[in-house]
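1. sequence-free structure coming up:
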């Protein structure tokens, strides 16, 4: 016991512990969480006190503990502020599909609440209840990761499967309630904005708190004058156009102006004030819009360009160059560590998690050995297809490269350039295979920046890597809410990862615990 107390004092001393007390879990002394109470503890405390040993022990509740030490202890303690990303993440790498759904749910709920504010209090009460149910389920999904004591050695065991489905259910419920609420609020707000004659007009909404002008695409089948105004015809309010198989809705050509015959959609610029809606008649849309007629060709040259950027895709895979048209600025590093923009799988050569996270020694105080820093990684990038496809339509050009991997059933890389927006839309899709070995997928992005700094959004607060973390915070990956920025003294790149919240900054650093990654290589974790 004396040896253990000395080890405890030394451990606290190294961390400049500044409180007059320390609390430790004693209900399960051989582990730190997820365990039952040690049934030997009451007898131990009773015998300890019977023998008159000091200090006297007492089993109390948490509230009793805080009452006993008093609030003045906390008032006198030093304050610590900063960002703290825990390794104990909420399953973003192990359940990427559900994480993607949950992140979209929050965006949907923002739209619902913006639109519902236009309704009277009595007419939005049930919508508020649906929003509340969605938020509760989304928060419960975000609260914790999943797994069981058998997951490490057998991730397909019954308890592990049960935990996964139990967790995934929260994301699915949140998604369901949010979409029902959106459909209902659209119906009610739309009734006051849109012409009640079926198919004669459409509502366009801006759910943001500032004015904006955007170019949107409206599928031509939605503009039929005799279309039934069902919920299926209510636009989902995301920026991307809605896919609509042409053969699913026969469209009489006499209902469409001649220049729109054969068009997939109408492209139209719309300006809206903050938190406002606008009615557009079918005639207005046809008159002011531009037909979107898509042409497709083999993209052997692997180059897409518009008035803002030129993007070059290498024959062996990866984005080899992004040139900014305004000043000729090259954005991609000339000697990247791995192919840029191509999904990459990383796993330990040994094929077991103990190569990365050593097995704890439960017989010792603080027997957790943490992450190894010298584990050997096996990294395999996806392979590009023999050719790629380029689609062009009304100021939009899209390059799609099919991808293959021995660890996935297919995938693709899509680069979309839109004349109306000075940005690059990069979409990556991967159909991962179930793999019980420890692994992760990255989307490597390495930019030509000198001595970059990293800023990112964590729960709405802007954080800077190397400045805003509390001591001993996780540095191997960061949970990003809406954006991450990489910048040097002259330039910056802003990345908005819509569906994947985990970002590794400074390259492939997992398990290395780096403190200030020096290069400009963020990696978005795909799952």
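-> Cool, got the structure. What you are looking at is a predicted structure, and each value in this text was computed from that prediction instead of being measured.

2. just give the nearest non-adjacent residue to residue 273, would you?
-> In this structure, residue 273 finds its nearest non-sequential neighbour in residue 211, 5.1 Å apart by C-beta to C-beta, 6 or more residues apart in numbering. Every C-beta, even on glycine, is put in place using the N, C-alpha and C of the backbone.

3. surely residue 273 meets residue 205?
-> No: if you go by C-beta atoms under 8 Å, residue 273 and residue 205 don't touch, sitting 11.1 Å apart.

4. who has more neighbours out of those two?
-> The neighbour comparison of residue 273 against residue 205 (other C-beta atoms under 10 Å) goes to residue 205, with 21 against 11.

5. please name every helix or strand in contact with whatever helix or strand that one lives in.
-> Taking DSSP states H and E as the criterion, residue 205 maps to strand 201-206. Applying 3 or more C-beta pairs under 8 Å, 6 or more residues apart in numbering; DSSP states H and E, we find strand 201-206 packed against helix 96-116, helix 158-193, strand 212-219, strand 265-272, strand 276-281, helix 282-288.

6. one more pass at 6 Å, please.
-> Contact partners of strand 201-206 among helices and strands, from 3 or more C-beta pairs under 6 Å, 6 or more residues apart in numbering; DSSP states H and E: strand 276-281.

7. the strand it packs on vs helix 96-116, what angle?
-> Angle of strand 276-281 versus helix 96-116, following axes from the mean of the first three to the mean of the last three C-alpha atoms, to 10 degrees, is 90 degrees.

8. residues near residue 312, how many?
-> Counted with other C-beta under 10 Å, residue 312 comes out at 17.

9. quick one: residue 203 and residue 191 touch, right?
-> No: the pair residue 203 and residue 191 fails to qualify as a contact (C-beta atoms under 6 Å) at a distance of 9.5 Å.

10. ok, residue 40 to residue 48 distance?
-> 12 Å (C-beta to C-beta, to the nearest Å).

11. residue contacts, residue 493?
-> Neighbouring residues of residue 493 by C-beta atoms under 6 Å, 6 or more residues apart in numbering: 447, 486.

12. name the element it belongs to?
-> Going by DSSP H and E, residue 493 is part of strand 492-495.

13. and the next helix or strand past that strand?
-> Next along the chain from strand 492-495, counting by DSSP H and E, comes strand 502-504.

14. list the helices and strands that following strand packs on?
-> Applying 3+ C-beta pairs under 6 Å, 6+ apart, one finds that strand 502-504 makes contact with strand 523-525.

15. strands of the stretch 201-350 of the chain, start to end?
-> 201-206, 212-219, 265-272, 276-281, 290-292, 295-298, 303-305, 309-313, 319-324, 329-330, 344-348 (DSSP state E, counting those that start in this stretch).

16. could I get those strands as JSON lines with distance to residue 439 and mean pLDDT?
-> Below are the strands of the stretch 201-350 of the chain laid out as JSON lines (distance: least, C-beta to C-beta, whole Å; pLDDT from 0 to 100):
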{"stretch": "strand 201-206", "distance to residue 439": "41", "mean pLDDT": "84"}
{"stretch": "strand 212-219", "distance to residue 439": "38", "mean pLDDT": "88"}
{"stretch": "strand 265-272", "distance to residue 439": "39", "mean pLDDT": "92"}
{"stretch": "strand 276-281", "distance to residue 439": "46", "mean pLDDT": "88"}
{"stretch": "strand 290-292", "distance to residue 439": "40", "mean pLDDT": "92"}
{"stretch": "strand 295-298", "distance to residue 439": "33", "mean pLDDT": "86"}
{"stretch": "strand 303-305", "distance to residue 439": "31", "mean pLDDT": "91"}
{"stretch": "strand 309-313", "distance to residue 439": "26", "mean pLDDT": "94"}
{"stretch": "strand 319-324", "distance to residue 439": "23", "mean pLDDT": "94"}
{"stretch": "strand 329-330", "distance to residue 439": "33", "mean pLDDT": "94"}
{"stretch": "strand 344-348", "distance to residue 439": "4", "mean pLDDT": "92"}
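
17. just put these in JSON lines and tack on distance to residue 355.
-> As requested, those are exported to JSON lines (distance: least, C-beta to C-beta, whole Å):
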{"stretch": "strand 201-206", "distance to residue 355": "51"}
{"stretch": "strand 212-219", "distance to residue 355": "48"}
{"stretch": "strand 265-272", "distance to residue 355": "51"}
{"stretch": "strand 276-281", "distance to residue 355": "56"}
{"stretch": "strand 290-292", "distance to residue 355": "51"}
{"stretch": "strand 295-298", "distance to residue 355": "43"}
{"stretch": "strand 303-305", "distance to residue 355": "41"}
{"stretch": "strand 309-313", "distance to residue 355": "34"}
{"stretch": "strand 319-324", "distance to residue 355": "31"}
{"stretch": "strand 329-330", "distance to residue 355": "38"}
{"stretch": "strand 344-348", "distance to residue 355": "4"}
